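Undergrad: need a 3D model of the following:
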Amino acid sequence: MKSLHTTVWLLLLAGFCSPVWGQDKLIRLSSLDWPPYSGEKLDQQGASVAVARAAAEAMGYQLEVRILPWARAVSVASDPASGVVGYFPEYHSDEVAAQFQLSDPIGSGPLGFAERRDAPVAWSGLADLKSVQIGTVRDYVNTSAFDAMAAAGDLKVEPVNDDATNLRKVAGGRIPLAVIDRNVMGYLLANDAGLKAQQGQLQFNARLLEDKQLFIAFQRTPAGQEAARVINEGLKKIDPAAIAAPFFD
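TA: Residues are numbered from 1 along each chain as shown. Okay, the predicted model is just below:
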């Protein structure tokens, strides 16, 4: 049996050590307001955050997510001095993969086009859309083929700051198509006060660009690589699709 003196000493030592342990077991990431995948006002901060948090917790870690404008979220995650070791959700691209280490997939989202119900656009390949004005969101990755054609001027794109603006432009007949994730479109039409009136005017184009996998982009630093290891191991212990499913109802 331990003496009273020894017991008190061990309790004090545990008290001093526990905050340090907590800091060591904390992963900080940045994200954006992109419901239903991420957002400050969403339950658990959204589907992607819920998956990442569950993966971290499965490994005994806590997850802290800062919701920021997209460009800022990427910028903060690029700075090792920020304490943020990665950002998400991100699509794969060669450019992103060159700078960041991508996690294993944390989910997926159907990427395609918003269009007016009374003016659907038929297409079988991106070459069919060369004469069509297409709304995009500034700094978002789309698909490799789409972004390459847009950069070369083979597709006519109009970048804006967010998906809601593009939906309003399509509904108003200012552009015929806008690139958007189907789940994001559904959430905005159901929850954005400025778009509810347009709900009956808009639809998701019948043809997908791609069912895009979603990733966490980690810094290529020791801290980022360790966080990536933790999350990847945690993802093997959970069911990401089951965790995300309630957010897409």
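Undergrad: which phi and psi values does S30 adopt?
TA: phi -120, psi 150 (degrees, to the nearest 10).
Undergrad: just give me the neighbour total for it.
TA: Residues lying near S30 (other CB atoms under 10 Å) number 25. Just so you know, the C-beta spots here come from the backbone N, C-alpha and C atoms, and that holds for glycine as well.
Undergrad: so what's the spatially most central residue of the chain up against?
TA: Nearest residue to the geometric centre of the chain (CA atoms, centre = their mean): P89, 2.2 Å. Contact analysis of P89 by CB atoms under 8 Å, 6 or more residues apart in numbering lists S31, W34, Y37, S38, S48, I106, G107, G109, L214, F215, I216.
Undergrad: tell me which element the fifth one is part of?
TA: Right, the one you point to is S48. helix 47-58 (DSSP states H and E).
Undergrad: give me the nearest residue to S93, chain neighbours excluded.
TA: Closest residue in space to S93, ignoring its immediate chain neighbours: V141 at 4.7 Å, by CB to CB, 6 or more residues apart in numbering.
Undergrad: the one you found belongs to a strand?
TA: No. Under DSSP: H, G, I helix; E, B strand; the rest coil, V141 falls outside any strand and is assigned coil.
Undergrad: go ahead and confirm it touches D147.
TA: Yes. Proximity of V141 to D147 meets the contact threshold set by CB atoms under 8 Å, at 6.7 Å.
Undergrad: so those two - more neighbours on which side?
TA: D147 (19 against 16).
Undergrad: show me the contacts for the more buried one.
TA: S93, V141.
Undergrad: mind listing what's buried in the helix or strand where it lies?
TA: Assessed by DSSP H and E, D147 sits inside helix 144-151. Residues of helix 144-151 classed as buried: F146, D147, M149, A150 (neighbour count, 16 or more other CB atoms under 10 Å).
Undergrad: tabulate those (CSV), appending pLDDT and distance to D118.
TA: Putting the buried residues of helix 144-151 into CSV (pLDDT from 0 to 100; distance: CB to CB, whole Å) gives the following:
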residue, pLDDT, distance to D118
F146, 98, 25
D147, 97, 29
M149, 98, 27
A150, 98, 26
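Undergrad: quick one, what contacts the spatially closest residue to E115 that is not a sequence neighbour?
TA: Spatial nearest neighbour of E115, excluding adjacent residues (CB to CB, 6+ apart): N205 at 5.1 Å. Neighbouring residues of N205 by CB under 8 Å, 6+ apart: G112, F113, A114, E115, P120, V121, L177.
Undergrad: was I right about D33 contacting Q45?
TA: No. Contact criterion CB under 8 Å: D33 and Q45 do not qualify, at 9.9 Å.
Undergrad: what's the overlap in contacts for the two?
TA: G39, I67.
Undergrad: so these two - more neighbours on which side?
TA: Using other CB under 10 Å as the criterion, D33 and Q45 rank with Q45 on top: 21 against 18.
Undergrad: who are the packing partners of the next helix-or-strand element following the helix holding S48?
TA: Counting by DSSP H and E, the next helix or strand C-terminal to helix 47-58 is strand 62-67. Counting contacts by 3 or more CB pairs under 8 Å, 6 or more residues apart in numbering; DSSP states H and E, strand 62-67 packs against strand 26-31, helix 47-58, helix 70-77.
Undergrad: contacts only, for the nearest residue to G60 once chain neighbours are set aside.
TA: Spatial nearest neighbour of G60, chain neighbours left out: K25 (6.1 Å); criterion: CB to CB, 6+ apart. Contacts for K25 (CB under 8 Å, 6+ apart) come out as G60, Y61, Q62.
Undergrad: so for the last one, what pLDDT did the model give?
TA: The reference is to Q62. What the model reports as pLDDT for Q62 is 98.
Undergrad: OK, contacts around it?
TA: Going by CB under 8 Å, 6+ apart, Q62 touches G22, K25, L26, I27, A56.
Undergrad: tell me how far the second one lies from S78.
TA: Noted for K25: a distance of 24 Å to S78, by CB to CB, to the nearest Å.
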